[in-house]
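In: need a 3D model of the following:
(one chain, ligands or ions: 2)
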Amino acid sequence: MSDEYKPLRPQAGPIKELFAPVAGFGVTLSSMFRPTVTEQYPRQKVPPQKRYHGRHQLNRYADGLEKCIGCELCAWACPADAIYVEGADNSALPENADRVVTADDSGGAHMSPGERYGAVYQINYLRCIFCGLCIEACPTRALTMTNEYELAGPTRAGLIYEKQDLLAPLGEGMLAAPHPMVEGTTDTDYYRGDVTGPTPVQVSWVAEHRPDDPTLPAAEKVATTGRPRSAGRGTATRPAGVRA
Ligand code: SF4
Ligand code: SF4
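Out: Ligands and ions are numbered 1, 2, ... in the order given. The predicted structure follows:
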């Protein structure tokens, strides 16, 4: 067997050898005439992809009640121990001093449908790794993630978001909680998406207990004129505010 070295690649010719030391500049020169792709953040904010995992949000039902029932499943699912939840009974609300709110009780004041609601809710964004396991664990779809990614601050304490920082704003026509559930419904009707907005009974209750509530005028309009309803589940005898 011969010991002579035989390169596998063909040898460069004399001209290629001559320009070899400056060949890399060709890449630089050709790139100078391509369109710029650098994002001019923060002057220009490019929207992330729709499924981007950003800041969390605690959602509401169409009548304004909160979806969070304080079950703590999100906190147990979190691998970074970033979530702290304290649930409380709707019965403990001051408006319910003379009654006990049960799972199928649509009367009395509620922060969320059923017996319980999330009284304390914190997410520590110094710990969160935006994995999304918490939103998968949530049984009521109360917790979702928005596309908001600007989560920085000058203090550590400021990066612990409280319930009021995470709660979705009241949409047009929603009635601020607490207030009774839509009459004749159970929490199951809410979970199934059958509640489509506040009813006149709910509006009257809030008008009696909080006459200065700023959400009353818009909610009253929705309660009397109704929102467009989609066909589907439920019966025609259901009260206003429930999908017919
Ligand atoms: S996204 Fe992940 S790390 Fe962040 S709070 Fe949810 S489960 Fe915890
Ligand atoms: S956000 Fe969902 S999982 Fe977490 S406490 Fe509320 S209802 Fe339970």
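In: ranges for the strands of the chain?
Out: Defined through DSSP state E, the strands belonging to the chain, from first to last, are 56-58, 83-89, 116-124, 143-145, 160-161.
In: between the ones you listed, which gets nearest to residue 189?
Out: Within the strands of the chain, the stretch nearest residue 189 is strand 116-124; the backing value is 16.9 Å (CB to CB). C-beta: built from backbone N, CA, C; applies to glycine.
In: ranges for the helices of the protein?
Out: Per DSSP state H, the chain carries helices over the ranges 14-19, 24-31, 73-77, 133-137, 163-166, 187-191, 200-209, 216-225.
In: any idea which of those gets closest to ligand 1?
Out: For the helices of the chain, distance to ligand 1 was read as CB to the nearest ligand atom. The smallest value, 3.2 Å, belongs to helix 133-137.
In: mind checking if that closest one is in reach of ligand 1?
Out: Yes. Part of helix 133-137 sits near ligand 1 under the criterion CB under 6 Å from any ligand atom, namely 133, 134.
In: and that helix, which residues are buried?
Out: Across helix 133-137, burial judged by 16 or more other CB atoms under 10 Å covers 134, 135, 137.
In: got the residues you listed as TSV, with distance to residue 58 and pLDDT columns?
Out: Putting these into TSV (distance: CB to CB, whole Å; pLDDT from 0 to 100) gives the following:
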residue	distance to residue 58	pLDDT
134	11	98
135	11	98
137	14	98
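In: what subset of the residues you listed is also close to ligand 2?
Out: Contacts with ligand 2 within the buried residues of helix 133-137, counted by CB under 6 Å from any ligand atom: residue 137.
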